[in-house]
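Asks: Quick one, fold the following:
(chains A and B)
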2 protein chains.
Amino acid sequence: MSFEIKASDSNSSARTGIISTPHGRIETPAFGPVASQGSVKGLLHSQLENLGTQFLLVNSYHLFLRPGVEVVKKLGGVHSFISWKKPILSDSGGFQIYSLSPLVKVKTKGVEFSSHLDGSRISLSPEDVVDIQINLGSDIIMALDYFVPFPSPEEKLKEAVKITSLWAKRSKTRFAQQSTSQLLWGITQGGTSWDLREKSIEDLLEIDFDGYAIGGFGIGEPRSQLMEILEKSDSLLPQEKPRYLMGMGYVSDILDSVEKGIDIFDCVLPTRNARTGTLFTSKGKISIKNQKYAQDKKPLDETCTCYTCQNFSRAYLRHLYERQEISSAILNTIHNLHFYLDIFQKIRQAIQSKTFLQLKKNIMNKKEEKES
Amino acid sequence: MSFEIKASDSNSSARTGIISTPHGRIETPAFGPVASQGSVKGLLHSQLENLGTQFLLVNSYHLFLRPGVEVVKKLGGVHSFISWKKPILSDSGGFQIYSLSPLVKVKTKGVEFSSHLDGSRISLSPEDVVDIQINLGSDIIMALDYFVPFPSPEEKLKEAVKITSLWAKRSKTRFAQQSTSQLLWGITQGGTSWDLREKSIEDLLEIDFDGYAIGGFGIGEPRSQLMEILEKSDSLLPQEKPRYLMGMGYVSDILDSVEKGIDIFDCVLPTRNARTGTLFTSKGKISIKNQKYAQDKKPLDETCTCYTCQNFSRAYLRHLYERQEISSAILNTIHNLHFYLDIFQKIRQAIQSKTFLQLKKNIMNKKEEKES
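Replies: The predicted model follows:
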């Protein structure tokens, strides 16, 4: 078993556990910073480790195109190539194919698309996508899914679930033929329709994966519908397998999702917002470009223990942002990731000590205070 | 006395010493990374300190325009504003005025120019430039000089020396009226004409500064003429005052200049080249974008102890460069600055142990080996 539950909240579905991977353990609930090209934008691996990063997410699609899977394999796999010793989760590339590539054609056989780089025509079957990730050597491999926009007509959602289940089955078959200690996780689709989501989950449970992702969200669907799906999925998904809510990252969404039994998160939100000058603090968001910070000697967050807050004023951070200094991206990213990873540490502690709902209340109350 | 010589080479004019400033000591020969806007591009202060950075150079011109001297002063001075505790040298802004600003007019009174940002007309007297740097609170203040291009007609060079001396005198007078432990250094001009350079040095010696800069170089003059001027200046400049060769940064130039008694250097070369993918190694330069590094598992320099070389392959560094990842700039800058600061440490040790010329020979021989 690759997942072990350590503690469960008695008043919600929140739980803390340990996922065991070939490159070590991930204590859940956990957040994986996004390293699309094998590097978290703005941070060095040593800084990520200091911040308590447990695993990284890399994009199969990007690494498949450049430098290419064969090159990564020759260089000893993705861990060796990027010199990251802890667990790595690779996405299937599905999201990138459907969002970045022109002329996508989904067939039963697989997906056909044009490279967003040079337009060259590429075909990938679910088997290819498993092979790519096995060759990359990532610890957690995601099966190829069929991701459709929100809103999509019922018929299209149905088709997406059908193809996703078919591909999931073939992914599992391919994966089972390999001798590897990597983990294979399946992705459920079905949008905000519970009937379809239920079907998707049931199909995947029958195939049996090491973990289950809730896919197809974070693309404009109403929050209440997302939460309803998460709550219903919680009853259907087996307790003993980890659950992954893909690509969602607002703190309020994370807290609600942990409450509904989600274990794994990834999102570009803290890193991307850092680079565009939006900083998360215990009292709400700060847009550092605001003129009112030009002579503000205070740190971003007076309660924060990160390198940025321990050393630099809002005035200096605003100056660096306005001058487009590289250190602006670095210092802001350190702060935002510290903020996220610190919340996850608090979440795990609170679940252990049976105070999760109290922690959630405290975090949400503080965020609603007036911005300082 | 703000400068104390610790050891002198018996076979050259190389010496090692200590400059005492309000924010601590600088062991010379020393290299100051350039933090134009108060941040070394690509690096955090903690990384600079780990690399052994002894002082930073900030640009008065840039800080004068944004965020403005009054803002920096209100925030506690430049050390407090940028949170850097070690010595800071501020340039006079002269070089930026002559190189960045349109419509520059040099008059006896001072310099008039248009801001390169909004075209607004700005007048600065040498007294203003002293006041700006006193308010910034930098440890080493540079007098405003008149910097002319290479080549310039004899008449223009003569005028530059005359005005530079006049301004130097007025800078000293203004500085002497203040009660401050900051240091004021003068800048000599005269291009590659020894007669004019001699005149400039003599004028400045009469005024008496805490240190002397050799200005007006690194703008296309023949290397042999620069070295001739440095050699002759060495005999004329007092031993007991530090000498600063402004803006020059090739390792071969640095070694030759140290041999001719230069103590202080600054240059954007290691940091700027890092960002454009040119890395310095003990065996010569590497252009990391070169296809031949795409599958190269070796570090940039197998003898290097920096974070980049201890952890990452040329293949990964090339990938990051090609993908324009921020970590490319960071990792390359760590390597290049480590390379420079390491050479300066070796230079100081070699002067102490009377082996400077041997060290110089070793470095130059290795650099001439075929690129690995």
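Asks: now the helices for the stretch 51-200 of chain A?
Replies: Using DSSP state H, counting those that start in this stretch, the helices found in the stretch 51-200 of chain A span residues A:60-65, A:69-74, A:78-82, A:94-100, A:126-136, A:154-176, A:194-207.
Asks: which of those helices has the lowest average pLDDT?
Replies: By mean pLDDT, the lowest-scoring of the helices of the stretch 51-200 of chain A turns out to be helix A:94-100, with a mean of 87.
Asks: just to revisit the earlier point, right, and the helices of the stretch 51-200 of chain A - which one's nearest B:His45?
Replies: helix A:78-82 (26.0 Å; Cβ to Cβ). Yep, even glycine has a C-beta here, placed from its N, CA and C like the rest.
Asks: Going by contacts, tell me the helices and strands next to that closest one.
Replies: Applying 3 or more Cβ pairs under 8 Å, 6 or more residues apart in numbering or on different chains; DSSP states H and E, one finds that helix A:78-82 makes contact with strand A:88-91, helix B:314-322.
Asks: starting at the chain centroid, how far to the next helix or strand after the last one?
Replies: The first helix or strand that comes after helix B:314-322 along the chain, using DSSP states H and E, is helix B:326-352. Relative to its parent chain, helix B:326-352 has a centroid offset of 14 Å by Cα atoms, centre = their mean, to the nearest Å.
Asks: buried stuff in helix B:326-352?
Replies: Using 16 or more other Cβ atoms under 10 Å in any protein chain shown as the test for burial, helix B:326-352 gives B:326-344, B:346-348, B:350-351.
Asks: Identify the residues contacting A:Ile132.
Replies: A:Ser60, A:Phe64, A:Val69, A:Gly93, A:Leu124 (Cβ atoms under 8 Å, 6 or more residues apart in numbering or on different chains).
Asks: cool, A:Asp208 as well?
Replies: A:Lys172.
Asks: counting contacts, what elements does the lowest-mean-pLDDT helix or strand in chain A pack onto?
Replies: Least confident helix or strand of chain A, by mean pLDDT, DSSP states H and E, is helix A:94-100 with a mean of 87. In terms of contacts (3+ Cβ pairs under 8 Å, 6+ apart), helix A:94-100 is packed against helix A:60-65, strand A:111-114.
Asks: Relative to the whole chain's centre, how far out is the last one?
Replies: Yep, that's strand A:111-114 we're talking about. 24 Å.
Asks: Quickly run through the sheet partners of it, with directions.
Replies: Strand A:111-114 pairs in its sheet with strand A:105-106 (antiparallel), strand A:121-124 (antiparallel), by DSSP bridges.
Asks: End to end on stretch A:252-271, go ahead and measure it.
Replies: 17 Å (Cα to Cα, to the nearest Å).
Asks: For it, the averaged confidence score.
Replies: What stretch A:252-271 shows for mean pLDDT is 98.
Asks: Show me what counts as buried in it.
Replies: A:253-271.
Asks: Among these, which ones are in strands?
Replies: Among the buried residues of stretch A:252-271, the members falling in strands (DSSP state E) are A:Ile264, A:Phe265, A:Asp266.
Asks: I'd like to know how many residues surround the nearest residue to A:Phe312 once chain neighbours are set aside.
Replies: Once flanking residues are discounted, A:Phe312 sits nearest to B:Ser83: 5.4 Å by Cβ to Cβ, 6 or more residues apart in numbering or on different chains. Counted by other Cβ atoms under 10 Å in any protein chain shown, the residues lying close to B:Ser83 total 14.
Asks: My guess is B:Ser83 contacts B:Leu44. True?
Replies: No - if you go by Cβ atoms under 8 Å, B:Ser83 and B:Leu44 don't touch, sitting 10.3 Å apart.
Asks: from the buried residues of helix B:326-352, which are also near chain A?
Replies: Contacts with chain A within the buried residues of helix B:326-352, counted by Cβ under 8 Å from any Cβ of the partner chain: B:Ile326, B:Ser327, B:Ala329, B:Ile330, B:Leu331.
Asks: Let me have those in TSV, adding pLDDT as columns.
Replies: Converted to TSV, these look like this (pLDDT from 0 to 100):
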residue	pLDDT
B:Ile326	98
B:Ser327	98
B:Ala329	98
B:Ile330	98
B:Leu331	98
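Asks: Among those residues, which one sits closest to A:Asp203?
Replies: Looking across these and measuring by Cβ to Cβ, the closest to A:Asp203 is B:Ser327, at 40.0 Å.
Asks: so what's the closest residue to A:Glu325 other than its chain neighbours scoring on pLDDT?
Replies: Leaving aside its chain neighbours, A:Glu325 sits nearest to B:Ser39 (4.7 Å; criterion: Cβ to Cβ, 6+ apart). On pLDDT, B:Ser39 comes in at 98.
Asks: Contact partners for B:Ser39?
Replies: A:Leu320, A:Arg323, A:Glu325, A:Ile326, A:Ser327, B:Ile82.
Asks: and the nearest residue to the fifth one once chain neighbours are set aside, helix, strand or coil?
Replies: Pointing back at A:Ser327 there. Nearest residue to A:Ser327, sequence neighbours excluded (Cβ to Cβ, 6+ apart): B:Ser39, at 4.4 Å. Three-state assignment for B:Ser39 (DSSP: H, G, I helix; E, B strand; the rest coil): coil.
Asks: How about the residues of the stretch 151-300 of chain A by chain B?
Replies: Counting by Cβ under 8 Å from any Cβ, the stretch 151-300 of chain A sits next to chain B at A:Ala294, A:Gln295, A:Lys297.
Asks: so which of the residues you listed comes closest to B:Pro22?
Replies: Minimum distance to B:Pro22 across these is 21.1 Å, recorded for A:Lys297 (Cβ to Cβ).
Asks: Was I right to think the closest one contacts A:Ala315?
Replies: Yes - here A:Lys297 lies in contact with A:Ala315, judged by Cβ under 8 Å, at a distance of 6.3 Å.
Asks: Neighbour count: these two, which is higher?
Replies: Using other Cβ under 10 Å as the criterion, A:Lys297 and A:Ala315 rank with A:Ala315 on top: 22 against 14.
Asks: Thought A:Lys292 was touching that one, still the case?
Replies: No - at 10.4 Å, A:Ala315 does not count as touching A:Lys292 under the criterion of Cβ under 8 Å.
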